[in-house]
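1. okay, predicted coordinates and the sequence, questions at the end:
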Amino acid sequence: MSGRFVYRLAKVLEGAGLLAILIGLMMSVELGMKDEGLSSMKMESYGLAIGAGLFALGWVLERALGTR
């Protein structure tokens, strides 16, 4: 795999991670407005876990390339 491809993949993973966190937060707020507290917390936790995992994977790839 070329370095340029891995760099782009890392950036896509980081962006997808941030997007997953944002979607989880938006779903959490929507459920919270409907007084579904536990479901709201569950969505927020899923969004944070998935988003953090994707972002961390992208960050590790980028570090492996030495671009950070």
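-> Sure thing, it's come through.
2. where is the longest helix in this protein?
-> helix 3-33 (DSSP state H).
3. what is that helix packed up against?
-> helix 37-65 (3 or more C-beta pairs under 8 Å, 6 or more residues apart in numbering; DSSP states H and E). No exception for glycine: its C-beta is placed from N, CA and C like everyone else's.
4. show me the shaky parts of this protein.
-> 1, 67-68 (pLDDT under 70).
5. and with 90 instead?
-> 1-3, 37, 65-68 (pLDDT under 90).
6. quick one: residues contacting Ser45.
-> Residues in contact with Ser45, defined by C-beta atoms under 8 Å, 6 or more residues apart in numbering, are Gly24.
7. and if you look at Glu62?
-> For Glu62, the contact set (C-beta under 8 Å, 6+ apart) comprises 7, 10-11, 14, 68.
8. Ala49 versus that one, what's the distance?
-> 21 Å (C-beta to C-beta, to the nearest Å).
9. tell me which residues are up against stretch 13-30.
-> Residues outside stretch 13-30 that contact it (C-beta under 8 Å, 6+ apart): 40-41, 43-48, 50-59, 61-62.
10. buried stuff in it?
-> Under the neighbour-count criterion of 16 or more other C-beta atoms under 10 Å, stretch 13-30 has 13-14, 16-17, 20-21, 24, 27-28 buried.
11. same thing with stretch 34-52?
-> For stretch 34-52, a neighbour-count test (16+ other C-beta under 10 Å) marks 40, 43-44, 47-48, 50-51 as buried.
12. now that stretch: how far from the chain's centre is it?
-> 13 Å (C-alpha atoms, centre = their mean, to the nearest Å).
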